[in-house]
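[1] For reference, the sequence and a predicted model appear below.
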Number of protein chains: 2
Amino acid sequence: MEFTGLHSIFPQGKQPSLFDSPAEWYLKARQSVRKFTVCQLGLSIFSSEKSNKYVAHSYNFFLFPTTFGLMDSEFSFQASSIKFLTHYGFEYSKFLKDGIPYMNEEQKKTLQQHLLTGSWSIRSALDKDRLKVVIEEVTRWVPSAEEGDFMVLHDIKGFQIFDVQLILRQALLDIWTIPTGDQEVTVKKVNPRHRWQLENTSFDLCRKEHVLLSAQGFTNLFQTLVKAKKPLVGHNMMMDLLHLHDKFYKPLPESYEEFKRNIQSLFPILIDTKNVTKAIWKVNNKNLLWKMKCLLYTLWMSPTWP
Amino acid sequence: MEFTGLHSIFPQGKQPSLFDSPAEWYLKARQSVRKFTVCQLGLSIFSSEKSNKYVAHSYNFFLFPTTFGLMDSEFSFQASSIKFLTHYGFEYSKFLKDGIPYMNEEQKKTLQQHLLTGSWSIRSALDKDRLKVVIEEVTRWVPSAEEGDFMVLHDIKGFQIFDVQLILRQALLDIWTIPTGDQEVTVKKVNPRHRWQLENTSFDLCRKEHVLLSAQGFTNLFQTLVKAKKPLVGHNMMMDLLHLHDKFYKPLPESYEEFKRNIQSLFPILIDTKNVTKAIWKVNNKNLLWKMKCLLYTLWMSPTWP
C-alpha cells in the first residue's frame, strides 16, 4: 500500500521511537493513520492449480475517498511523501481523478441514515450548479408533457447519476427516472400509481441497496477478502493493517488490544515476510557480520536516526 | 488563487455562517487556512505605457511547500475541492511534481538557525539513501586523490545540490565542491588553507544567503510585490489575503485586528472587485429584481445553504 503520508510531524519527544512499547507505538501511529490516506493498493491473488503449482493474478487499485451527497472528507499530504511517490513515478491523476471510492462501516451507516430520511441533499458547490440546471430543465418540461412522454438529460457524471435521480424523484411525484447509457438519465412522465409500482421493483437501479453498493466501491472487495478468510501475506505490513482497519472497516479504536482483536477476527492468518526473514536470521545466526549490517540499515532507516 | 481546500469540516454549529461578525469569521477561516495550502496563484502585472494605455503580463505559478534539510510539511486536501479542480482540468503533476517552493518568515528563521549551527542534517529517507551512496563514493576516492584532482557526482536533483555539498564539506576539510551543469556536483581535492579562502568568496554558490534565496523560492516574488507597494486587485479575495499572510509572510495571528494591521502594512491599497460591484448596486438601486437575483445566488453559493 502507498499512503499520502507515513508518520506525522510530532512535537519533540513525542515521535515514534524504537523504544516504544507496542501499545505506545500504536497510539502514535493511530494519529498518523487517521490523518493520511491510502492512495494505492496492490493485491496478488494466489490460487493453487495442481500440487506445488500456483497461479497469481496481480491488481493495482488507485483509491480516493467517496464524495457523495453530504459526504466529503479531508486527508493530509506529507510533502516528503509526495517527493517519494514522485521519485518512483506515481501517477497522481489516477489517484485524484480516477481513484476508486471507498468508505468504512461508520461512513456507510451515516449514508444509510441519510438515504432513509428521503430528503437527499448535497454539499459540493460544483454538483449544486449542475443540479440547478437539470432541475430547471425538467420543471419547465413536466407541465406540458403527457403521460408516457420522456426527455433525456446528458453529461451526468459519476455519483451525480444518483444525486440527479434522488432529487428529481423527491421533488416531482409524476415522473420516473432511468439511467440510460453513459452519463445519461431518461426522465419519463408517469401517473403516481405507476410511479409507486416502479419504485418497488427490484430492477430500479436507484434503490438504496444499489446506491450503497456503488458508494462502498473498493470496500466491497475488502469485505469479500474478509469473508473468504484467506491468509494475508505482506512485507512490513503493520501500517497497512492499521489503514485497512481505519479506511475499510472502522475508525481505529483507542485501545491497542481492541485493534488486535478486530484484526485477528478480520484476517485470522497474517504472514509478514519481514518477520519471517528475521526469524530465519535468529535460527541461522552464524553470519554475524551480515546481521550487524542489517541492524545498521534498520537504524539508518528509522525515524529517530539523526 | 486555488487552494487544496476551502472551509474545513467543522462540528455542527461551528461552521462559518452569514451571521458571523468579521472577527468570528476570521477565527473560523484561520483554522482552515492553516490546514490547506495554495496550489496555484495567477498574477497579472499592469504597467502604464501611454496615457490610458496599459500593458498586462499574466503569469500562472504552481506552488509546493519547500522540503529541504529537516523542513517537511503537512497540508490537507478536501475531497470536494479535488473534484472541483479536476472538473476544471487542474494539472496535478505541475503542482505536486514541479511546484515552486515557498516559505514564510518563521520557516526562514528556522532554516537560518539550522544553517548557522554548521551541522546539516536531512529528514527524507529518499534523500538519505542518495546521500549515503554519494558519501561512500567520495570517502573512497579522497585518500588516493592528489591536490587538484577532481571527481564528478551525477544525478543530484533539486535541493540535493545543497544537501550534498553541505554534508560533504562538513565531513571532509580537504575537499571543495562546485555545482557544475545540470544535476552535477564537482568535488575537488584542495589543501585546508585554500579551502578556507574558497569558503569566504562571494562566488560560492553554497553560501548561506544563496541557499536561503533558493529555499524561499516564490516568497522572493511576494517580497518584491510588498516592497513595490503596488495596489493589489482581486475578486472575492479575502481567503487569498489570509493565505498570502500565512504562507509567505507569517502564520496567521489569533487577533483579527493584528491580521488587518499586517495586511494593511503589506498591501496599503487593496481593491476587491466583488465589493466594487456591490457598491455600484447600492448606488444604482433601481433594478431591484436584479439585486434580488444576485442575493439569491449568494445564498445558494453560501456554505450554510441547505
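    Now that the structure is in, tell me what you want to look at.
[2] got a list of what residue A:130 touches?
    Applying C-beta atoms under 8 Å, 6 or more residues apart in numbering or on different chains to residue A:130 gives the contacts A:156, A:160. For the C-beta atoms, the positions are set from N, CA and C on the backbone; glycine is no exception.
[3] wait, is it part of a helix?
    Yes: with DSSP: H, G, I helix; E, B strand; the rest coil as the criterion, residue A:130 is part of a helix.
[4] per-domain residue ranges of chain A.
    Recorded structural domains for chain A (assignment: automatic domain parsing) are A:2-103+A:217-301, A:120-206.
[5] First-to-last residue distance for the shortest one?
    To tie it back to what came earlier, the one meant is domain A:120-206. With C-alpha to C-alpha, to the nearest Å as the measure, the ends of domain A:120-206 fall 13 Å from one another.
[6] Could you pull out the strands in the stretch 1-150 of chain A for me?
    Counting by DSSP state E, counting those that start in this stretch, one finds strands in the stretch 1-150 of chain A at the ranges A:2-3, A:38-50, A:53-62, A:74-78, A:150-154.
[7] Name the nearest residue to residue A:171, sequence neighbours excluded.
    Among residues not flanking residue A:171 along the chain, residue A:135 sits closest, at 7.2 Å (C-beta to C-beta, 6 or more residues apart in numbering or on different chains).
[8] give me the number of residues near the one you found?
    The number of residues packed around residue A:135, counting by other C-beta atoms under 10 Å in any protein chain shown, is 15.
[9] same question, residue A:171
    The burial count for residue A:171: 12, using other C-beta under 10 Å.
[10] now the residue positioned nearest the centre of chain A: how far from chain B?
    Taking C-alpha atoms, centre = their mean as the criterion, residue A:102 is the residue nearest the geometric centre of chain A, at 2.4 Å. For residue A:102, the distance to chain B (C-beta to the nearest C-beta, to the nearest Å) stands at 12 Å.
[11] Spell out which residues of the stretch 1-150 of chain A are next to chain B.
    A:4-5, A:8-9, A:35, A:64-67, A:72-80, A:82-84, A:86-87, A:92-93, A:96-97, A:121, A:123-126, A:128, A:132 (C-beta under 8 Å from any C-beta of the partner chain).
[12] mind running it again at 7 Å?
    With C-beta under 7 Å from any C-beta of the partner chain as the criterion, the stretch 1-150 of chain A comes near chain B at residues A:5, A:8-9, A:65, A:67, A:72-80, A:82-84, A:86-87, A:92-93, A:96-97, A:121, A:123-126.
[13] pLDDT below threshold where in chain A?
    When the per-residue scores of chain A are filtered using pLDDT under 70, the ranges that remain are A:283-306.
[14] how about 50 then?
    Per-residue confidence of chain A (counting by pLDDT under 50) places the weak regions at A:303-306.
[15] Show me the helices in the stretch 1-150 of chain A, by range?
    Counting by DSSP state H, counting those that start in this stretch, one finds helices in the stretch 1-150 of chain A at the ranges A:22-35, A:79-87, A:92-96, A:105-117, A:125-141.
[16] Comparing these, which stretch has the densest surroundings?
    helix A:79-87 (a mean of 21; mean count of other C-beta atoms under 10 Å in any protein chain shown).
[17] same for that one, what does it pack against?
    Here helix A:79-87 touches helix B:125-141, going by 3 or more C-beta pairs under 7 Å, 6 or more residues apart in numbering or on different chains; DSSP states H and E.
[18] wouldn't the residue nearest to the centre of chain A be in contact with residue A:246 here?
    No: in this structure, residue A:102 sits apart from residue A:246 without contact. The criterion is C-beta atoms under 7 Å, and the distance is 11.1 Å.
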